[in-house]
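Asker: sharing a model prediction with you, sequence too.
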Amino acid sequence: MNQSSEKIRVGVCGANGRMGREVVKTVLDAPDMELVMAVDLQPQGEDIAYLVGRPEPSGVLLASDLSQALVAHKPQVVVDFTSPAVVLQNALTVLSHGAKSVIGTTGLTSEGIRQIEEQALAGKSAALIAPNFALGAVLLMKFAQEASRYFDHAEIIELHHNKKLDAPSGTAHRTAALMAQVQPKFGPTNVDPALEKEILQGARGGVAEGNLHIHSVRLPGLIAHQEVIFGGVGETLTIRHDSLDRVSFMPGVALAIRKILNAQGLVIGLENFL
């Protein structure tokens, strides 16, 4: 809960997107939050409550100009589920107006992340970059990191809907980074690397931190899924998480909105708020 009796003033970027609409509903239903801003490209001027299927108006009209909306509505926290093309500029704009940023959009580069950190520190504000808000997915990452102490062979398979723009997913990247903190160099196959051949380029996946291979699947009908497979002597260990509905991300989003009020600078990963 917010430390004061006042509700947390929340804005949403990408409010009319698939994830944005779920965030809007979550904020509208939260007793300690107030939706004050909704930004998306279209349809302009529509009450966001109607766009998410609510019968009663919220009084929050969809706007397209983020800077103007920030000045007009003064949110304390802005949640971003937009696209890799605009997420960096959105975050810098939000932080420059003194609001705190909760970023669920993946695809940020290391340079973009550095810029967000600098802006957050300069403005004495905070930004959270979370590749996944599902609490089960966050636990999967922690469990995979722990298992990496005992296995030196592993691969990651991530599966998402076929409209996802980036590959591999931010969750897979974050999982690999956490695992590599414990096991800096996962082992290759037992085949001599000089003799191993990819008959179809990319068949062995992309190689991330710690020599971890990541395989990306994109199919209609999927939402967000990931498994980490460890191989040992005579055994395998598979850790898997499945998001079957986008509502699975909302408890984590709500947690992030509440926790970021007391944060400073850049935070990467929702696990830091658990």
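Answerer: Yes, it's here. Residues are numbered from 1 along each chain as shown.

Asker: now do the SS call for the spatially most distant residue from the centre of the chain.
Answerer: Distance from the C-alpha centroid of the chain peaks at Leu195, with 38.4 Å (Cα atoms, centre = their mean). Following DSSP: H, G, I helix; E, B strand; the rest coil, Leu195 is assigned to coil.

Asker: what's the separation between it and Thr189?
Answerer: According to Cβ to Cβ, to the nearest Å, Leu195 stands 10 Å off from Thr189. From N, CA and C alone the C-beta is placed, and that goes for glycine too.

Asker: again, but for Tyr50
Answerer: 55 Å.

Asker: over to Val87?
Answerer: Val87 is 36 Å from Thr189, where distance means Cβ to Cβ.

Asker: for the two, indicate the residue with more neighbours.
Answerer: Val87 (24 against 11; other Cβ atoms under 10 Å).

Asker: so the more buried one versus Glu34, what's the distance?
Answerer: 24 Å.

Asker: before we move on, what about Ala167?
Answerer: 37 Å.

Asker: with Gly14 instead?
Answerer: Gly14 is 19 Å from Glu34, by Cβ to Cβ.

Asker: what about those two, which has more around it?
Answerer: Using other Cβ under 10 Å, the more surrounded residue of Gly14 and Glu34 is Gly14, with 25 against 16.

Asker: all helices of the stretch 101-250 of the chain, in order?
Answerer: Counting by DSSP state H, counting those that start in this stretch, the stretch 101-250 of the chain has helices at residues 110-122, 135-147, 170-182, 250-259.

Asker: tell me which of those helices lies nearest to Leu95.
Answerer: Leu95 lies closest to helix 110-122 among the helices of the stretch 101-250 of the chain, at 4.4 Å (Cβ to Cβ).
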